[in-house]
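[1] dropping a prediction and its sequence here:
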Amino acid sequence: MADAKVIPFDDDRSRGATGKGATRRRGPGGGTRRGGEPLGAGDVREVKPLPLREPEPESESAGPERGGWERRVAGGLAFLRRRLTGEYEVDEFGYDEELTDQVLMSMLRPIAEKYFRVEVKGVENIPSEGGALIVSNHSGTLPLDGLMLQVAVHDNHPAGRHLRLLAADLVFMLPVVNELARKAGHTLACAEDAQRLLEGGELVGVMPEGFKGIGKPFSERYKLQRFGRGGFVSTALRAGTPIVPCSIVGAEEIYPMIGNAKTLARVLGFPYFPITPTFPWLGPLGAVPLPTKWTIQFGEPIPTDGYPPEAAEDPMLMFNLTDQVREQIQHTLYKLLVQRRSVFF
């Protein structure tokens, strides 16, 4: 095997070579720039190592989303534990605030926001604290307007106040409904319970039309029925709390009542048995309400704290205040109906 030829780096032939194959000596003082200009010692730059690439942080949107789900799961498990161990509170009327917020409101909220698309106006007329009596019209064949009113107050009021509805005797005679109504804060529509709630600083809701309003035929829609004998006015006068008129548009059309099977209603013990274009002809499917567009408007409060204590016994004063509240609600209903573009939009 022939010996390899060793070419020294400082060979003069390499320095003097020309042409494409020529090599250049590179060193601290012997390098050249482009164009043949020699490099100086200051032209040599220190080569720094490339910085290590740090791992990219997780997406900012993924963090809060994952944390939110973790909090929800933890909160749900804690809620179930309290339910199973009985570590929750109810007031003297059976109202369970935690169950109402965590379960009942969560079930009703999509119906109010997505199905009926409830629009709330004048919520600033509801006091931020202290007792107040909200008086509303009643309609719709089934009392969904009361539930939607409860969601509207809680979700739209800056203080997130809870509405304690006064319900008819029938509500507390029905199985399951009785227990749910108590848990949701509803109580029997009697003057004594209403006064205790108002004096305790609660927000109380009443619908004086009762079954006459909710069970009226579709041909009489948005025509207020008699407001009773003004018992709600007497209660507000005794408690010294303001009366807030409320008008609800949209509930009348969810179950258009075109007939009333009175004989069947007497057999079942109901105040009426509705016949609508879909019920009972379509069976359970006919019980699904029509997706109408709702508007709930709260009027200016009517103060009662300026009257003397004996004013609650004055029948003429109660009649005048009752008529004032009724007329304000009726006038607002007509105004909202004129402004409404469509029943469903």
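    It's in.

[2] can you give me the helices in the stretch 201-345 of the chain?
    211-214, 231-239, 262-268, 315-339 (DSSP state H, counting those that start in this stretch).

[3] which residue packs closest to residue 305, ignoring adjacent ones?
    Computed as C-beta to C-beta, 6 or more residues apart in numbering, the closest residue to residue 305 that is not its neighbour in sequence is residue 240, at 4.3 Å. The way it works is simple: take the backbone N, C-alpha and C, and place the C-beta from them, glycine included.

[4] helix/strand/coil for residue 69?
    Secondary structure, DSSP: H, G, I helix; E, B strand; the rest coil: residue 69 is helix.

[5] and it, what pLDDT?
    Residue 69 is assigned 84 on the pLDDT scale.

[6] for it, give its distance to residue 244.
    Computed with C-beta to C-beta, to the nearest Å, the distance linking residue 69 and residue 244 is 39 Å.

[7] which helix or strand in the protein has the lowest average pLDDT?
    helix 12-16 (a mean of 44; mean pLDDT, DSSP states H and E).

[8] returning to that earlier point: just name the most buried of the helices of the stretch 201-345 of the chain.
    helix 231-239 (a mean of 24; mean count of other C-beta atoms under 10 Å).

[9] need the residues that contact that one.
    Helix 231-239 is contacted from outside by 131, 133, 135, 191, 194-195, 198-199, 206, 208, 242-243, 304, 307, 309, 311-312, 317-318, 321-322, 325, using C-beta atoms under 8 Å, 6 or more residues apart in numbering.

[10] kindly export that helix (C-alpha atoms) in PDB.
    What follows is helix 231-239, C-alpha atoms only, in PDB (Å, rounded to 0.1, in the frame of the first residue of the first chain):
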ATOM      1  CA  GLY A 231    -106.100  41.700  50.300                       C
ATOM      2  CA  PHE A 232    -102.600  42.300  48.900                       C
ATOM      3  CA  VAL A 233    -102.900  46.000  49.300                       C
ATOM      4  CA  SER A 234    -103.900  45.600  53.000                       C
ATOM      5  CA  THR A 235    -100.900  43.300  53.500                       C
ATOM      6  CA  ALA A 236     -98.500  45.900  52.000                       C
ATOM      7  CA  LEU A 237    -100.000  48.700  54.100                       C
ATOM      8  CA  ARG A 238     -99.500  46.700  57.300                       C
ATOM      9  CA  ALA A 239     -95.900  45.900  56.400                       C
END
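
[11] quick check: mean pLDDT across it?
    94.

[12] could you do stretch 218-225 as well?
    Stretch 218-225 comes out at a mean pLDDT of 96.

[13] which parts of it are buried?
    The neighbour-count check on stretch 218-225 (16 or more other C-beta atoms under 10 Å) flags 218, 221-222, 224-225 as buried.

[14] just to revisit the earlier point, how close does the residue nearest to residue 305 sit to residue 340?
    Residue 240 is 36 Å from residue 340, by C-beta to C-beta.

[15] more neighbours, those two?
    Neighbours per residue (other C-beta atoms under 10 Å) separate residue 240 from residue 340, with residue 240 holding more: 17 against 13.

[16] the more buried one touches residue 308, doesn't it?
    No - here residue 240 does not reach residue 308: they are 10.5 Å apart, not a contact under C-beta atoms under 8 Å.
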